[in-house]
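> sequence below, structure please.
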Amino acid sequence: MEAIYEKADYILRYVVEYSTLLLELFGICILVFSAVKAFVFWLKKDESIRLQLAQGIALALEFKLGGEVLRTVVVREWAELGILGAIIALRATLTFLIHWEIKNEKEALDPGEDKKG
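From the prediction side, this is the model:
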């Protein structure tokens, strides 16, 4: 029975580690893509540059937050859990602030839209 438990633990750690890496990679790719796209918008002098960049950053942070939440599955020590909790809280706060910025930027770009609907 002990061997089955150890094998299951090994498989779980393996799946979580690679899934976390994949989510982190997705977040990085989205962030880089958003930055390049924002740079192109900046060259074109597009007014929606801040909105596009903020949406990209928010999406990237959500992928990275998902990776951190997944990482909590295999945490063994309280100190590690505390650090992970702090990272999750920081990323969640950043995501909240970016969504607030997106809302304000949308209102600034289209001030009459909220009053219509």
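> least trustworthy helix or strand in the chain by mean pLDDT?
Across the helices and strands of the chain, mean pLDDT, DSSP states H and E gives its lowest value to helix 113-116, namely a mean of 54.
> can you give me the mean pLDDT across stretch 48-59?
Averaged across stretch 48-59, the pLDDT comes to 92.
> what's the offset of it from the middle of its chain?
Centroid separation between stretch 48-59 and its chain, computed with C-alpha atoms, centre = their mean, to the nearest Å, is 13 Å.
> just give the nearest non-adjacent residue to the most centrally placed residue in the chain, would you?
Central residue of the chain (C-alpha atoms, centre = their mean): residue 61, 1.8 Å from the mean position. Spatial nearest neighbour of residue 61, excluding adjacent residues (C-beta to C-beta, 6 or more residues apart in numbering): residue 95 at 4.8 Å. Where you see a C-beta, it was placed from the backbone N, CA and C, and this is true even at glycine.
> so that neighbour makes contact with residue 65?
Yes - in terms of C-beta atoms under 8 Å, residue 95 counts as a neighbour of residue 65; the distance is 6.6 Å.
> who are the contact partners of residue 84?
68, 71-72, 75 (C-beta atoms under 8 Å, 6 or more residues apart in numbering).
> least confident pick among those?
residue 75 (83).
> I figured that one hits residue 82, correct?
No - the pair residue 75 / residue 82 is not scored as a contact, 9.6 Å apart, by C-beta under 8 Å.
> neighbour-wise, which of these two wins?
Between residue 75 and residue 82, counted using other C-beta atoms under 10 Å, residue 75 has the larger neighbour count: 14 against 11.
> and that one, what is it in contact with?
Counting by C-beta under 8 Å, 6+ apart, residue 75 touches 81, 84.
> that one and residue 67: what is the separation?
13 Å (C-beta to C-beta, to the nearest Å).
> for residue 11, same thing?
Counting by C-beta to C-beta, the gap from residue 11 to residue 67 is 19 Å.
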